[in-house]
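>>> here are the coordinates; sequence isn't available:
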């Protein structure tokens, strides 16, 4: 870890341009590593909102049948095999064991394939869209880790009402009650948040629609790429 910190400090101090995925990370580069504020910019993580879209009710039903999912509220958790996601998976397993109202759908290398009534793990997949389309709700129980969460942005682009820990929305413009429900690290409160969305389809739809609009406005790759291109062209002119 000390070696990594020295390498990061050396890279940041000697770089012509430093990009951070959120304002909090930018401040950390400046405060911790002495990055030049004039050459340290935010280039957010994002999502392709044309690739990921909101599924209609008939599409959701058809995709559930194709994936062999039960006719009950489906809660999606996605992630690669890394420590923060493994910790999130443990939360999902506890939630699935504690409450029989939902089926938790886990997608990605964070879990090997398995199947039960309350938890279905698909393993690594090449396309997230069928699983987003089949789900009613998203969950982002990530309590630590740097940067911002691509899983959150994909759920937002797909219009999935999502329950997240504060760490899961860290560094984003997501606001509790407007774009997602931010729950404390407590099983009962997470389940209550999920149940409130499952019980009120109109409120869930409003939350999902607002999340989708936020993704289109701030986190679409096309807009992010344009901002990065401007920064690179300014750097070239200065150099």
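Happy to help now that I have it. Quick caveat, the model's predicted, so the values are computed rather than measured.
>>> state the distance from residue 22 to residue 173.
From residue 22 across to residue 173, the span is 10 Å (CB to CB, to the nearest Å). Where C-beta positions appear, they are placed from N, C-alpha and C, glycine not excepted.
>>> joint contacts of the two?
Counting by CB atoms under 8 Å, 6 or more residues apart in numbering, residue 22 and residue 173 have no shared contacts at all.
>>> higher neighbour count, the two?
Shown here are residue 22 and residue 173; by other CB atoms under 10 Å, residue 22 has more neighbours (19 against 13).
>>> how about residue 111: what's its closest non-neighbour residue?
residue 121 (4.0 Å; CB to CB, 6 or more residues apart in numbering).
>>> ok, now which ones touch the one you found?
106-107, 111-115.
>>> if we use 7 Å, what do you get?
For residue 121, the contacting residues are 106, 111-114, by CB atoms under 7 Å, 6 or more residues apart in numbering.
>>> for these, give me a markdown table that also has distance to residue 212, neighbour count and secondary structure.
Output for those, formatted as a markdown table (distance: CB to CB, whole Å; neighbours: other CB atoms under 10 Å; DSSP: H, G, I helix; E, B strand; the rest coil):
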| residue | distance to residue 212 | neighbour count | secondary structure |
| --- | --- | --- | --- |
| 106 | 23 | 27 | strand |
| 111 | 27 | 22 | coil |
| 112 | 31 | 11 | coil |
| 113 | 30 | 10 | coil |
| 114 | 31 | 11 | strand |
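>>> from residue 12, how far out is the residue nearest to residue 111?
Per CB to CB, residue 121 is found 38 Å from residue 12.
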